[in-house]
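Student: Sharing a model prediction with you, sequence too.
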2 protein chains.
Amino acid sequence: MLRTLTTLDDTTPAALRPVLAPLPPLTTAGARLLDAAGSLFYERGVRAVGVDLIAETAGTTKKTLYDRFGSKDALVALYLLQRAHRWREHLLARLGGADALEGPAAAETRVLLVFDALQTWMGGQRRGCGFVNAYAELGDTDHPAVAVVRAEKAWMRALFDDLTGDADLGAHVHLLYEGTLVVLTAGADPSAAAQARRGVRVALAARGTGPA
Amino acid sequence: MLRTLTTLDDTTPAALRPVLAPLPPLTTAGARLLDAAGSLFYERGVRAVGVDLIAETAGTTKKTLYDRFGSKDALVALYLLQRAHRWREHLLARLGGADALEGPAAAETRVLLVFDALQTWMGGQRRGCGFVNAYAELGDTDHPAVAVVRAEKAWMRALFDDLTGDADLGAHVHLLYEGTLVVLTAGADPSAAAQARRGVRVALAARGTGPA
DNA sequence: CTGCGAGTATACCGACCGGTATGGTTACCT
DNA sequence: AGGTAACCATACCGGTCGGTATACTCGCAG
C-alpha cells in the first residue's frame, strides 16, 4: 500500500495516475511576476486583477509580462500550476512520516494527516480553494487554467484512494475534503474542520461493515 | 422531528434558525431584469456580466435597471436571494411527502431525497453552486451578496440537522453535499452523486456506533 | 386636469481592461 | 566586436466597465 505519490523513487506505473505538469523554468523577473500574480489572483480573484497591477506589484512592466508568458490566460494557468505544486509539497512533507504505518488504523492516521495539512495550509489564507475559485470564474471553458483545476482535483482523489486503499472510501473522504473548504469559507463555519475529522473516522470505521 | 422548514404552517420558533429574507416586490421590467441577470450571472459569473448586457437581454435600459435596483451590487445580492428561494422551493416540494416517515430509516430516506433534488436541480445547469461561485468572486467582503451566501449555507446546514436529528450527522452530510457540487463541476467527475449517496448511507448507518 | 411612477431611448463620463509598439539599457556568450 | 536574451520605461490602441444625465411617452389616481 501507499506506494505512490508520496515518494520520488516511485516504482509503480506513474502513467496510470494523474500527474501535475512540471513548472517551466523562470527568469528572475518572470518569477517575480508569477509570485505577484499568485498572491493577487488568489486574494482578489482572477478577473478582478489586471495585468497592469501585476506588473507594477512585481516591480516590472507589462512588456516583460507578455514577453515571458504571452497572455494573461497563460499566466493564470501557471499560477494554478504553481499553487498545485506548493500544496502538493506542503502535503507530502507532512505525510512523509506515515509511510511506514500499516494496518487498519494506519489509513485513518494518514487521512487525518491530510486534514492536518489542510489546516496548516489554510492558516492565514482566507479565500479557500484557489482551484475551486478559479473554476467558479472560468467555468467549463477551454481556458488553459481549467485543465489545471481538473488535474489537481483528480490528483487529490487519487491520493485519497491510495491512502485508504479503497475507491469508495477515497471518494467519500474526498467529498468531505472538498466540502470542508467550502463550508469553512463560503459558509464561514470554523467547526467544519473538526466535523470533517469526525466524518473521516466514521467513514473509515465503517470499512466493510457498511451497506452492500 | 422535522417540524421546521418543510411546511408553511411552522409552529416552532423560527427566530432560532436561519431564514432567507423575503423577495421584495418587483415591477414588470424589474422582474425581467432580475431573470436576465439570474441566467447571465449564473452562466458566466458575476464580474463577467455587465449591466449593459443585462439591460439589453431583459429588453429594457440601464436607466430602468438603476431606477429599480440602485446598483449592480444590489442586483447581484437579489439574484442570489431569488436563486436561494427557487432552490428552497424545488427542494421542499420533493421533500414534502417524507414528512410522515419516522424511525431510523426515515432519516436516510429524507436525506437521500435532498440528493435526488440536487440531481434534478442540477440537470441542465453546468456551473455548480451559484452561491459558492459568487463567493469565489467576492470573497469575505462587505458586498451585500456575501450575506446571502452565508444565509443559504446556514439554511442548508440547519436543514440537514433537522433531517438527521443530530448535529454531527447533519454536519457530516452537509460536507458530503457541498463536496458533491464541487467534485461534479470543478472535478468533472459524474460519479460524485452516486458516491455521495453511498457516503450518506455509511454515515447514517453508523449512527450511535461511531467513535466516541 | 394635473401630478407622478414606470418605462423607453440615447448620449455621455472617467476609469480600467488586455494587448501592442517603440526605444533604450544592461550583461553574458561566442 | 558582435549578437542576443533579459529587462525597464512609456505611450498608445479599441473596447468595456459601472454609473449618470437629459428628455420623452404612457397609464393611472387625485
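Tutor: Everything's here; your move.
Student: so how far is the first residue of stretch A:46-53 from its last?
Tutor: Terminal residues of stretch A:46-53 are spaced 12 Å apart (Cα to Cα, to the nearest Å).
Student: contacting residues for the residue in chain A positioned nearest to DNA strand C?
Tutor: Proximity of chain A to DNA strand C (Cβ to the nearest atom of the strand) peaks at residue A:50, 2.8 Å away. Just so you know, the C-beta spots here come from the backbone N, C-alpha and C atoms, and that holds for glycine as well. Residues near residue A:50 by Cβ atoms under 8 Å, 6 or more residues apart in numbering or on different chains: none.
Student: What is the lowest-mean-pLDDT helix or strand in chain A packed up against?
Tutor: In chain A, no helix or strand scores lower on mean pLDDT, DSSP states H and E than helix A:104-122, which sits at a mean of 92. Counting by 3 or more Cβ pairs under 8 Å, 6 or more residues apart in numbering or on different chains; DSSP states H and E, the packing neighbours recorded for helix A:104-122 are helix A:72-95, helix A:144-164, helix A:167-185, helix A:192-205.
Student: and the direction of the following helix or strand past it versus that of helix B:167-185, what angle?
Tutor: Counting by DSSP states H and E, the next helix or strand C-terminal to helix A:104-122 is helix A:130-138. Counting by axes from the mean of the first three to the mean of the last three Cα atoms, to 10 degrees, helix A:130-138 lies at 60 degrees to helix B:167-185.
Student: residues contacting the residue lying closest to residue A:195 once chain neighbours are set aside?
Tutor: The spatially closest residue to residue A:195, leaving aside those adjacent along the chain, is residue B:171, at 3.8 Å (Cβ to Cβ, 6 or more residues apart in numbering or on different chains). Residue B:171 makes contacts with A:191-192, A:195, A:198-199, B:157, B:160-161, as judged by Cβ under 8 Å, 6+ apart.
Student: tell me which of those is nearest to residue B:28?
Tutor: residue B:157 (36.2 Å; Cβ to Cβ).
Student: do you know how far the closest one is from chain A?
Tutor: Distance, residue B:157 to chain A, using Cβ to the nearest Cβ, to the nearest Å: 7 Å.
Student: Please list all residues in contact with that residue.
Tutor: Neighbouring residues of residue B:157 by Cβ under 8 Å, 6+ apart: A:183, A:187, A:189, B:170-171, B:174.
Student: ditto for residue A:107
Tutor: A:163-165, A:169, A:204, A:207.
Student: Can you tell me which of the residues you listed has the most neighbours?
Tutor: residue A:163 (27 neighbours; other Cβ atoms under 10 Å in any protein chain shown).
Student: And that residue, what's its pLDDT?
Tutor: Per-residue pLDDT puts residue A:163 at 94.
Student: That one contacts residue A:115, correct?
Tutor: No - counting by Cβ atoms under 8 Å, residue A:115 is not a contact partner of residue A:163; they are 11.1 Å apart.
Student: re earlier: which of the contacts of residue B:171 are buried?
Tutor: Buried members of those, counted by 16 or more other Cβ atoms under 10 Å in any protein chain shown: A:192, A:195, A:198-199, B:157, B:160-161.
Student: contacts with DNA strand C among those residues, please.
Tutor: The subset of the buried ones among the contacts of residue B:171 lying close to DNA strand C, counting by Cβ under 7 Å from any atom of the strand, is empty.
Student: Adding distance to residue B:91 as columns, could you present those residues in TSV?
Tutor: Shown next, in TSV, are the buried ones among the contacts of residue B:171 (distance: Cβ to Cβ, whole Å):
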residue	distance to residue B:91
A:192	21
A:195	22
A:198	25
A:199	22
B:157	14
B:160	11
B:161	15
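Student: And those residues, which is closest to residue B:31?
Tutor: residue B:157 (30.4 Å).
Student: how close does the closest one sit to residue A:22?
Tutor: 40 Å (Cβ to Cβ, to the nearest Å).
Student: Check residue A:176 too.
Tutor: 30 Å.
Student: which of these two has more neighbours?
Tutor: Set residue A:176 next to residue A:22 and count neighbours by other Cβ under 10 Å: residue A:176 wins out with 28 against 8.
Student: Below-threshold pLDDT in chain A: ranges please.
Tutor: Residues of chain A that meet the criterion pLDDT under 70 lie in A:1-17, A:97-105, A:208-212.
Student: let's see 80
Tutor: A:1-18, A:97-105, A:124, A:207-212 (pLDDT under 80).
Student: Residue A:151: neighbouring residues, count only.
Tutor: As a burial measure, residue A:151 scores 18 neighbours (other Cβ under 10 Å).
Student: ok, it - contacts?
Tutor: Residues in contact with residue A:151 (Cβ under 8 Å, 6+ apart) are A:18-21, A:84.
Student: most neighbours, which of the residues you listed?
Tutor: Per-residue neighbour counts (other Cβ under 10 Å) across these peak at residue A:84, which has 22 neighbours.
Student: out of everything not next to it in sequence, what's closest to it?
Tutor: Closest residue in space to residue A:84, ignoring its immediate chain neighbours: residue A:152 at 4.6 Å, by Cβ to Cβ, 6+ apart.
Student: That neighbour: neighbour count?
Tutor: Applying other Cβ under 10 Å, we find 27 residues neighbouring residue A:152.
Student: do the same with residue A:59
Tutor: Neighbours of residue A:59 using other Cβ under 10 Å come to 10.
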